[in-house]
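S.K.: prediction below, plus the sequence it came from.
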Amino acid sequence: MACGMVVEKERRVDLGKRGETHRMRICLRCIILIHKSYPRDYTTNITSAIISKLQRQLHLQPSHPLGILRTLIENHFSSFSHFSDVSPLVTPAKNFDDLSFPADHPGRSVTDSYYINKDLMLRTHTSAHEVETFAKGERQWLLTADVYRRDEIDASHYPVFHQMEGAAIFGADANSMKELEEKNAYLVNYLKSTNIIIEDVPHLSASNPVQSAHDPHHAETVAHNLKLSLNSLILALFGGRKDEPLRVRWIEAYFPFTSPSYEVEVFFNGKWLEILGSGVVLQSTLERANVPNSIGWAFGLGLERIAMILFGIPDIRLFWSEDPRFLSQFLPGKITNFKPYSRYPPCYKDLSFWLPENGLHENDFCDMVRDTAGDIVEDVQLIDSFTHPKTDRKSQCYRINYRSMDNSLSNDQANEIHAGVVSRLKESFGVEIR
Ligand code: DAH
């Protein structure tokens, strides 16, 4: 779709498939996302590698591990409303201010988040939709979506991943709280009959306080309901083994939009793994949504994290694979163990350069590499960094590991892709290669 503005530059970009690159015309004044044109400004940092992911909607595919997991959780919370098709473009106000993030929170910076321009960004978490969903009158809901964060590159970090937000609010009155206590008593009894060991912190504590707007007894009942609801979800997903109890632990946490706040870890294959954040919703969030006389909880869980554990998927990039050897392994509604197929050999390339005077953020380097080479990049590591004793110039060396998941990558192909990375590095950041 043409925006009608002058095309000023051509660039080699990855098309997201098998590392193929194409020359693409880039307009320096505007950017086209999901069939709409937006003006660029000094904050614009979304890359074409990211744009190519915006409409993949992996969580909506019924036989994709992320789609399977979404459906299993939705079935568990069957009385909740379910949302899973919400645009990733949000205002920074929605993503941060509505949730009481402080003005200097690092997540707001262009090195951590993707901006289309100063007024529009890609959501960094599904919590960005809390206020609007409560404002619609929804009182118990799940919302699943793709979220975007600028990050390092390795087997468990990818700049696009999926989260599910869940929330439930209740009347802040004696009758509603009595009903909730009865539900809690039922869940306590149910969990007693199962093979789960829960290590818990108190629902409320001085270091993780009850909000001043809340009756402490109400806050206690709501936090207890949060824990019971999530413990039974975790049991439904991970449990079921008679020989080995499921171990879950609750840890005090901090989030700008909940108090008290908790993180949950599950013991799996000999390790504790963090799977979600949660807490009692800040009353100011509910006030912004215009929901009076209510109190509630919310949680946000990372779908890839849980799917990697449950399906035994070793590398986060596999979720994006279009290889039938990956996709044909999964069936709607079923958790099955991923059977690895032969991996193609990796190809390492080192890249040493003198930094420009104003430096170069690691996330800017990683994004440029991923934008140029695509999913061929398995990981990027800073392996050396030094300052010249006489000239005071700073040098860095990154090791880039290229590996195709779908076909074999020859050294010549890797060299060609790497040459593209080197020229982009010089062109975009003005570094001097050593
Ligand atoms: N949005 C948080 C994140 O991405 C996760 C989270 C924490 C969601 C606490 C919640 C919550 O709803 O209550 O790290």
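M.R.: Yep, that arrived.

S.K.: state the pLDDT value of G4.
M.R.: According to the predicted model, the pLDDT of G4 comes to 52.

S.K.: near the ligand, which residues of the protein?
M.R.: Applying CB under 6 Å from any ligand atom, we find that the chain lies next to the ligand at H125, S127, E165, F255, T258, G277, S278, G279, A298, F299, G300. (C-beta placed from N, C-alpha, C; glycine too.)

S.K.: which members of these occur in helices, if any?
M.R.: Secondary structure from DSSP state H places none of the residues of the chain next to the ligand in helices.

S.K.: element containing the closest residue to A298 other than its chain neighbours, please.
M.R.: Spatial nearest neighbour of A298, excluding adjacent residues (CB to CB, 6 or more residues apart in numbering): A167 at 4.1 Å. A167 is part of strand 160-171 when elements are defined by DSSP states H and E.

S.K.: circling back: and the two most separated of the residues of the chain next to the ligand?
M.R.: Maximum pairwise distance in the residues of the chain next to the ligand, criterion CB to CB, is 13.5 Å, between H125 and G279.

S.K.: so how far is the ligand from R40?
M.R.: From R40 across to the ligand, the span is 27 Å (CB to the nearest ligand atom, to the nearest Å).

S.K.: contacting residues around that residue?
M.R.: Taking CB atoms under 8 Å, 6 or more residues apart in numbering as the definition of contact, the neighbours of R40 are L28, R29, C30, I31, I116, N117.

S.K.: quick one: residues contacting the residue nearest to R150 when sequence neighbours are not counted.
M.R.: Nearest in space to R150, with sequence neighbours left out and distances taken as CB to CB, 6+ apart, is N363 at 4.3 Å. With contacts taken as CB under 8 Å, 6+ apart, N363 has the following neighbours: T111, D112, R150, D151, E152.

S.K.: the fourth one touches P159, doesn't it?
M.R.: Think D151. Yes. Applying CB atoms under 8 Å, one finds D151 in contact with P159, separated by 5.7 Å.

S.K.: of these two, who's got more company?
M.R.: The neighbour count for D151 versus P159, taken as other CB atoms under 10 Å, is higher for P159 (22 against 16).

S.K.: OK, contacts around the residue nearest to the spatial centre of the chain?
M.R.: Closest residue to the average C-alpha location of the chain: F161 at 4.1 Å, with CA atoms, centre = their mean. Taking CB under 8 Å, 6+ apart as the definition of contact, the neighbours of F161 are D146, V147, R149, G302, L303, E304, I316.

S.K.: max pairwise distance over those residues: which two?
M.R.: Pairwise distances among those were taken by CB to CB; the largest, 14.3 Å, belongs to R149 and L303.

S.K.: of the two, who's got more company?
M.R.: Here R149 and L303 are compared on neighbour count by other CB under 10 Å; more neighbours surround L303, at 25 against 18.

S.K.: phi, psi of that one?
M.R.: L303 adopts backbone torsions of phi -70, psi -40, taken as degrees, to the nearest 10.

S.K.: confidence score at K242?
M.R.: In this prediction, K242 carries a pLDDT score of 66.

S.K.: correction: the previous question concerned T21.
M.R.: Taken from the predicted model, the pLDDT recorded for T21 is 49.

S.K.: quick one: contacts for the nearest residue to N208 once chain neighbours are set aside?
M.R.: Once its chain neighbours are removed from consideration, N208 has its nearest residue in P260; the separation is 4.0 Å (CB to CB, 6+ apart). Remark: with contacts taken as CB under 8 Å, 6+ apart, P260 is in contact with H203, L204, S205, N208, P209, V210, A219, A223, E252, G279, V280.

S.K.: quick check: the gap between the second one and the ligand.
M.R.: Pointing back at L204 there. 16 Å.

S.K.: and that residue, how many neighbours?
M.R.: 18.

S.K.: beyond the strand holding A167, next helix or strand please.
M.R.: Using DSSP H and E, the helix or strand that follows strand 160-171 in sequence is helix 174-192.

S.K.: the residue lying farthest from the centre of the chain and the ligand, how far apart?
M.R.: Relative to the centre of the chain, the most outlying C-alpha is that of K390, 43.4 Å out, by CA atoms, centre = their mean. The gap separating K390 from the ligand is 45 Å, by CB to the nearest ligand atom.

S.K.: i'd like the first residue to be 897 from this point on
M.R.: Happy to do that; since the first residue is 897 now, the last one works out to K1286.
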